[in-house]
Each structure stands twice: as C-alpha cells, then as structure tokens.
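S.K.: need a 3D model of the following:
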Amino acid sequence: MTSSTSSPTDSPGPELLVDLRDSSWRMSFPAMGTRVDLIVEGGSARQMTEAVCELVARHERLWSRFSAHSDVTRLNTACGQWVDVDPATCALLARVKDLIDVTSGCFNPLIEPVRQLWDPAGALAALVAGAGAATSTESATTPGSDALAEVLPLCSPGMLDVDPAASRARLKGGARIDLGAIAKGASADQARDLCARLGARAALVSIGTSSIAALGRRSDGTPWRVGIRDPRSSESSWLGYVELPDRMSLSTSGDNLGALVEVAPDHAQRFNHVIDPRSGMPARILARSATVICADGMTAEALSTGMLIGGRQAVVLPHTADGDAAASPSSIIVGGERGVMAGGIRVDARPAQIWHPRQELSESDGGAGVSGQNSSTSPT
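M.R.: The predicted structure follows:
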C-alpha cells in the first residue's frame with residue numbers, strides 16, 4: 001500500500017449480524033482507523049468475534065501512532081534512545097527493513113517526516129474550498145529543496161535499529177515511523193489464521209478493503225472473489241475481480257485522488273499525493289493502482305506500494321539457495337491508464353486463472369461485491 005496514514009476512530013463494538021454455529025455469517029467493526037470485515041463459514045460466530053476483536057485491538061494498541069502509549073509512539077518520541085517493545089513489534093520492524101530493500105526503497109514507513117512537509121490532505125482541503133494552494137517554497141504543500149534535503153536522510157532505513165534478541169528498537173536522529181499499512185496486512189493474516197484455529201471452514205478477512213486474507217473456499221466450492229475498483233471512476237465501478245486462493249493474501253495500493261493542482265495567479269502546478277520515499281517528491285505514477293497476491297499480507301502490502309511508485313522494475317525479490325524467488329507473488333495486477341495488465345514474478349497461479357477483467361464477464365457475472373476504497377469483497 002501507499003504509506004497510508006490512519007486516524008483514531010470511535011469503537012462502539014462489532015456489528016454481529018448472525019450468531020449461529022456451523023453457518024455462514026458476517027461481522028464488521030471499526031478499528032485501525034478503518035473498518036474490519038469478516039465473512040466466515042463454520043465455527044462459533046460469537047467466539048470468533050470476540051477473539052478477532054481482541055487481536056485487532058491488541059495490534060492497534062501496539063502499532064497505532066495515535067495511541068499515546070503504543071510501541072510506535074514511544075519509538076517516535078524516544079529521541080534516539082532504545083525502547084523495549086513487544087516481540088510482535090520487533091518482528092514487524094525487522095520485516096520493514098527487509099521489505100524496504102525488496103522494493104528498492106519505494107515502500108518505506110519511515111517517510112513520515114517528508115510526507116508532513118507536503119501535507120497533501122491540506123492541499124486537497126484548500127482546493128475543495130476553492131482557495132487554491134500557495135506555491136511559495138515555504139508552503140506546507142510545496143516544501144523547498146532545503147527543507148527536503150534536511151528531512152530526507154531521516155527516511156533512510158539505517159535510521160531504524162532493531163535488536164530482536166533484546167526485543168528492543170530505536171529511531172535515530174529524529175526519524176519517525178508509521179506502520180499503518182503493513183500493520184493491516186499482518187492483522188488480516190493473523191485474524192484469518194485465528195479463525196482457522198477456532199474452527200472456521202472458510203473465511204475472508206478485509207481491513208480497510210485494501211488488505212484482504214483468505215481461508216479455504218466458499219460454500220459452493222469456488223474461490224473467494226475480490227473485486228478491484230476502477231480508481232478513475234466511482235466507488236461502485238470496478239475493473240474486474242480476482243479469485244483469491246486458500247491461505248493467500250491481497251493488497252491493493254491506489255492513486256485514488258490523482259494529481260492535485262495548485263493554483264497561483266500566474267500558473268498552475270500539478271503534484272501527486274503519493275510521495276516517492278527515494279526522492280521526497282511526488283511519485284511519477286504510470287498506473288493508478290497495483291494489486292499483489294501472495295502468501296504473506298505484509299509482503300503484499302510492500303510490493304503493491306513498490307509497484308505503484310516504482311513499477312515492476314523496482315521489486316527485487318530475494319532468492320533461495322536453489323534459485324527460486326522467496327515470497328514470490330502469485331499475481332500482480334496493475335491498473336494503468338489504458339486498462340489492466342496482469343503479470344507475475346515466478347507465477348505460481350497463472351493470472352489468467354484468477355484475474356477476470358470486467359469486459360470479459362457476462363452480465364450474470366457482474367457485481368463482484370460491495371465496492372470499497374481500493375477493492376471489494378464478495379461472499380457469493
């Protein structure tokens with residue numbers, strides 16, 4: 001995913017729609033600045049609801065930068081000192097360093113100091129209000145080269161130290177981290193695995209509609225379907241859908257806002273709200289969305305972001321001793337200016353077998369699910 005920013009949310013509790021043992025049921029609840037959706041077949045809905053809510057709440061307490069006592073907040077405010085963190089946080093931070101390398105720096109949760117300089121949310125609010133955005137180099141939306149040069153070194157992966165043996169970490173030199181995107185991928189995977197341990201025959205877990213994990217198959221024996229939104233159209237418009245295999249995870253990163261335009265008395269300047277961590281500048285995005293399917297939600301999150309910002313050439317997967325790519329995605333679907341291209345790196349499941357472009361579907365296949373921010377889920 002793009003290095004997204006989560007926001008606090010009120011949590012009135014889960015919406016338990018059905019509570020029958022050994023039947024299909026759904027449940028939704030707010031968490032991690034978004035919505036968590038479960039579609040499950042089998043098991044006790046009440047038991048799984050309580051267990052998944054507890055799991056996600058624990059992760060939010062550990063990884064939310066909006067929680068005053070989370071591991072992330074304590075790291076961000078420790079002024080370079082070592083911080084004792086939960087072993088789960090330590091493992092997540094170690095993966096962050098690996099995934100920054102795998103994506104050639106296109107995925108980088110340490111980008112927060114640079115992103116705050118650009119303030120794309122502020123620019124968008126100004127444009128919506130009709131005021132335009134200032135083009136001064138001192139503007140919060142267009143930082144000058146001096147300001148970027150000052151904070152860009154803080155985004156280096158070398159600013160993060162992780163000591164797994166002592167379960168501690170530190171951020172040096174005023175660096176800050178936001179684990180929002182990768183935390184959603186990890187949480188979706190763990191929630192799916194928890195449902196499996198508690199007796200689910202099949203399940204689909206969605207966090208924010210862009211981080212999705214699948215277990216088993218639907219009751220009719222077909223794979224779970226996940227619709228991919230058309231980022232150039234309305235929320236109900238979709239490009240097609242993918243079939244998500246058992247124990248596989250999906251992440252979609254998208255440029256849903258497109259280019260923001262600053263209006264000045266003498267000119268207009270366009271910039272993208274997705275920032276390239278390597279340069280600190282708005283990314284030169286060729287595709288409007290990138291979806292990755294693989295066996296690991298955290299890897300899917302990093303690769304979809306890397307593909308969106310840097311293209312396929314930015315993803316350099318590590319190899320095992322026998323030459324096979326480690327943690328290879330089974331499919332990469334990139335939504336470009338001229339439609340959708342399906343391709344993969346060491347393809348384990350042929351994209352043609354799991355990707356169904358909308359133009360090739362009959363009317364009876366339409367409606368792959370309720371649309372969401374980047375993708376959508378369908379139980380039928």
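
S.K.: need the CA coordinates for the host helix or strand of residue 300. CSV is fine.
M.R.: Per DSSP states H and E, residue 300 falls inside helix 297-310. C-alpha atoms of helix 297-310 as CSV (Å, rounded to 0.1, in the frame of the first residue of the first chain):
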residue,chain,number,x,y,z
GLY,A,297,0.0,-10.0,3.8
MET,A,298,3.0,-7.8,4.9
THR,A,299,4.8,-8.7,1.7
ALA,A,300,1.7,-8.0,-0.4
GLU,A,301,1.4,-4.5,1.2
ALA,A,302,5.1,-3.7,0.5
LEU,A,303,5.0,-5.0,-3.1
SER,A,304,1.8,-3.2,-4.0
THR,A,305,3.3,0.1,-2.8
GLY,A,306,6.6,-0.7,-4.6
MET,A,307,4.8,-1.5,-7.8
LEU,A,308,2.6,1.6,-7.7
ILE,A,309,5.5,4.0,-7.1
GLY,A,310,8.4,2.3,-8.9
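
S.K.: list the residues that contact residue 205.
M.R.: Counting by Cβ atoms under 8 Å, 6 or more residues apart in numbering, residue 205 touches 36-38, 52, 188, 191-192, 195, 212-214. Placement of C-beta: from N, CA and C, glycine included.

S.K.: which ones among the residues you listed are found in helices?
M.R.: Cross-referencing the contacts of residue 205 against helices under DSSP state H gives 52, 188, 191-192, 195.

S.K.: just checking, residue 56 touches residue 32?
M.R.: Yes - between residue 56 and residue 32 there is a contact at 6.7 Å, judged by Cβ atoms under 8 Å.

S.K.: overlap of the contact sets of those two?
M.R.: The contact lists of residue 56 and residue 32 share 187, 207, where a contact means Cβ under 8 Å, 6+ apart.

S.K.: related to what we said a few turns ago, could I get the ones in helices among the contacts of residue 205 as CSV with pLDDT and distance to residue 115?
M.R.: Conversion of those to CSV gives the following (pLDDT from 0 to 100; distance: Cβ to Cβ, whole Å):
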residue, pLDDT, distance to residue 115
52, 96, 30
188, 97, 24
191, 97, 28
192, 97, 30
195, 96, 34
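
S.K.: out of those residues, who has the most neighbours?
M.R.: Ranked by the number of neighbours (other Cβ atoms under 10 Å), these place residue 188 first, at 29 neighbours.
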